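Visitor: Dropping a prediction and its sequence here:
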Amino acid sequence: MTNRSSESGVRPWASLRPGDTVRLVSPASFPEDPGAIEELTGILLGWGLRVQVGEHALDRHGYMAGTDEDRLADLNAAYADPVVRALITTRGGAGAYRILDGIDYAAIRADPKPLIGFSDITYLHLAIWQHVHVPGIHGCLVGADAIDTVRHLLTTTRPHVLARNPELMSAAVETPGRARGFTMGGSLAALAGMVGAGLPDLSGAIVIIEAQRVVGLGQVDRQLTQLIRSGAFDGIAAIALGRFHGFEDYTDRGWNLIDVLRDRLIPLGKPILGGLEIGHGPDPHAIALGVAAELDTDSGTLTCYSPEGR
């Protein structure tokens, strides 16, 4: 097992064991199907875990799960409770970016525990890494592969290997090479949105990038350009590309997603591995953020190592 805690100030969390307690929280949007809470609870109980539900997990305030104050209270309560060993978000959506300044980072530092979620939850992953260097998990519990990979990351210390799927659109973007670094990133929108607002130092990172189409190709172009112009990518080790859901059949005046990714990223001169089953779309694979990893375009793999277990 590779442990980065001694070399870079990482605060690892302990692998979950049967009997441990996890809490379901909704720091962004609420689950559209209230039955999702029961489904998540059933999955986690099947692992031998105990499940608690945050007080405001099903609240509604516009498109968010309750007011900023209530969502923040649920998050901080889970981090402060020594019984809780992991936080499982019910969904992404919108609103996590509104509560970053109120997070009790001292409680997270004192008792590191993993946060599981992706999409808008990337804002939380980035902020927690910036303040206290506690790893997280970019993933969800919807789909067989999604569930299996989250369970692997939460309950074992074995390396986790993500292999390139040549059928995915981003697999066509590659710069050959090998790199070692720590994983960080997730939603492209969140990465760009944190520029100037607390984006952590990505020096030495294998940057994970995935996105879903909300508008057109200009969305991806602008967000990548913002990250490049800000200097955020200057010292990175490599780039790992996941899914870009919704762009598969989309073109704009002769260009598609591959053209934009190649035009923006290949000139950086860093190893790039595409085609990883990470991000939006059905049944995504999970990936640990803030852990040591090795990227190899020859083998088409990204190997991630566990935080230190107990």
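Guide: Cool, got the structure. Being a predicted model, the structure only gives us computed values, none of them experimental.

Visitor: What mean pLDDT does the one helix or strand T225 maps to get?
Guide: In this structure, T225 is located in helix 217-230 according to DSSP states H and E. Across helix 217-230, the average pLDDT comes to 97.

Visitor: ditto for stretch 240-248
Guide: For stretch 240-248, the mean per-residue pLDDT is 97.

Visitor: try stretch 266-282
Guide: 97.

Visitor: Next, the buried residues of it.
Guide: Using 16 or more other CB atoms under 10 Å as the test for burial, stretch 266-282 gives 268, 270-281. (C-beta placed from N, C-alpha, C; glycine too.)

Visitor: Output it as PDB, restricted to C-alpha atoms.
Guide: Taking Å, rounded to 0.1, in the frame of the first residue of the first chain, the C-alpha atoms of stretch 266-282 are listed here in PDB:
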ATOM      1  CA  ILE A 266      -2.200  18.400 -26.000                       C
ATOM      2  CA  PRO A 267      -0.100  21.600 -26.200                       C
ATOM      3  CA  LEU A 268       0.500  21.300 -22.400                       C
ATOM      4  CA  GLY A 269       2.900  18.500 -23.100                       C
ATOM      5  CA  LYS A 270       1.700  16.200 -20.300                       C
ATOM      6  CA  PRO A 271       0.700  12.600 -20.500                       C
ATOM      7  CA  ILE A 272      -3.000  12.300 -21.200                       C
ATOM      8  CA  LEU A 273      -5.100   9.200 -20.800                       C
ATOM      9  CA  GLY A 274      -8.700   9.200 -22.000                       C
ATOM     10  CA  GLY A 275     -11.500   6.800 -22.000                       C
ATOM     11  CA  LEU A 276     -11.900   6.300 -18.200                       C
ATOM     12  CA  GLU A 277     -15.400   5.300 -17.000                       C
ATOM     13  CA  ILE A 278     -15.600   8.300 -14.500                       C
ATOM     14  CA  GLY A 279     -18.300  10.900 -14.300                       C
ATOM     15  CA  HIS A 280     -21.800  11.600 -15.600                       C
ATOM     16  CA  GLY A 281     -23.700   8.900 -17.400                       C
ATOM     17  CA  PRO A 282     -25.000   5.500 -16.400                       C
END
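
Visitor: and it, how far out from the chain's middle?
Guide: Chain-centre distance of stretch 266-282: 14 Å, with CA atoms, centre = their mean, to the nearest Å.

Visitor: Check stretch 261-274 too.
Guide: 20 Å.

Visitor: Let me see the ranges of the helices in the stretch 201-310 of the chain.
Guide: Secondary structure of the stretch 201-310 of the chain (DSSP state H, counting those that start in this stretch): helices at 217-230, 257-265.

Visitor: ok, back up a step: can you list the helices and strands that the helix holding T225 packs against?
Guide: Applying 3 or more CB pairs under 8 Å, 6 or more residues apart in numbering; DSSP states H and E, one finds that helix 217-230 contacts helix 188-193, strand 205-212, helix 257-265.

Visitor: so how far is the shortest one off the chain centroid?
Guide: Mean-position distance between helix 188-193 and its chain equals 12 Å (CA atoms, centre = their mean).

Visitor: swap in stretch 243-250?
Guide: Distance of stretch 243-250 from the chain centroid (CA atoms, centre = their mean) equals 19 Å.

Visitor: rewinding a little: out of the helices of the stretch 201-310 of the chain, which is the most enclosed?
Guide: Highest mean neighbour count of those: helix 257-265, a mean of 19 (counted as mean count of other CB atoms under 10 Å).

Visitor: Wait, S230 touches G196, no?
Guide: Yes: with contact defined as CB atoms under 8 Å, S230 and G196 form a contacting pair (7.2 Å).
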